[in-house]
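Trainee: this is a predicted model, with the sequence first.
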Amino acid sequence: MSMTSNKSYLVRAFYDWIVDNDCTPYIVADAFYPGVAVPQQHVSDGQIVLNLAPRAITSLVMNNRIISFTTRFGGVPSTIELPIQSILGIYARENGEGMMFEPETDHDPQPPGPGPVKSVPSKDKPSGGVAADSSKKPSLRIVK
């Protein structure tokens with residue numbers, strides 16, 4: 001029996017867990033995955049890091065196929081659309097706790113399962129904006 005991908009369920013669970021613990025949820029996405037709609041000026045190395053704090057976004061939709069929301073970049077309203085397959089990770093800004101996922105391709109919709117990760121804290125934390133500093137990628141390591 002073939003099961004659906006567990007990525008959307010894990011992303012929603014981590015999002016709820018991060019918000020419930022008064023932390024700031026950040027999503028890492030493949031900015032060039034088909035169907036992704038993000039401001040290209042915030043893309044770095046093909047990826048974008050987005051702040052999904054409830055105070056920073058509106059109209060959040062998080063289901064089995066897409067994450068979408070409205071936010072502002074430099075005062076300009078933007079609608080963000082991220083197919084679930086484009087999501088590379090979700091983590092808490094404050095402590096790096098979260099999960100990274102293997103990149104997916106159009107030809108391989110069921111990649112190997114994700115593994116738990118914890119980031120190594122960075123000195124340069126994004127401050128209050130929706131897009132994290134795109135010149136700094138989260139530094140993650142696998143926790144066993």
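Mentor: Great, that's in hand. Keep in mind it's a predicted model, so treat the numbers as computed, not measured.
Trainee: can you tell me the distance between the two ends of stretch 52-68?
Mentor: End-to-end distance for stretch 52-68: 10 Å, by CA to CA, to the nearest Å.
Trainee: show me which residues of it are buried.
Mentor: Residues Leu52, Ala53, Ala56, Ile57, Met62, Ile66, Ile67, Ser68 are the ones in stretch 52-68 that count as buried (16 or more other CB atoms under 10 Å). No exception for glycine: its C-beta is placed from N, CA and C like everyone else's.
Trainee: before we move on, what about stretch 68-79?
Mentor: For stretch 68-79, by 16+ other CB under 10 Å, it's Ser68, Phe69, Thr71, Phe73, Ser78.
Trainee: what helices or strands is the helix or strand where the third one lies leaning on?
Mentor: This means Thr71. Following DSSP states H and E, one finds Thr71 within strand 66-73. Counting contacts by 3 or more CB pairs under 8 Å, 6 or more residues apart in numbering; DSSP states H and E, strand 66-73 packs against strand 58-62, strand 76-83.
Trainee: save those strands as CSV, and put in mean pLDDT and distance to Glu104 too.
Mentor: What follows is the helices and strands packed on strand 66-73, written out as CSV (pLDDT from 0 to 100; distance: least, CB to CB, whole Å):
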stretch, mean pLDDT, distance to Glu104
strand 58-62, 96, 17
strand 76-83, 94, 9
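Trainee: rewinding a little: would a markdown table of the buried residues of stretch 52-68 with distance to Leu10 be doable?
Mentor: Shown next, in a markdown table, are the buried residues of stretch 52-68 (distance: CB to CB, whole Å):
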| residue | distance to Leu10 |
| --- | --- |
| Leu52 | 15 |
| Ala53 | 19 |
| Ala56 | 22 |
| Ile57 | 20 |
| Met62 | 12 |
| Ile66 | 15 |
| Ile67 | 12 |
| Ser68 | 18 |
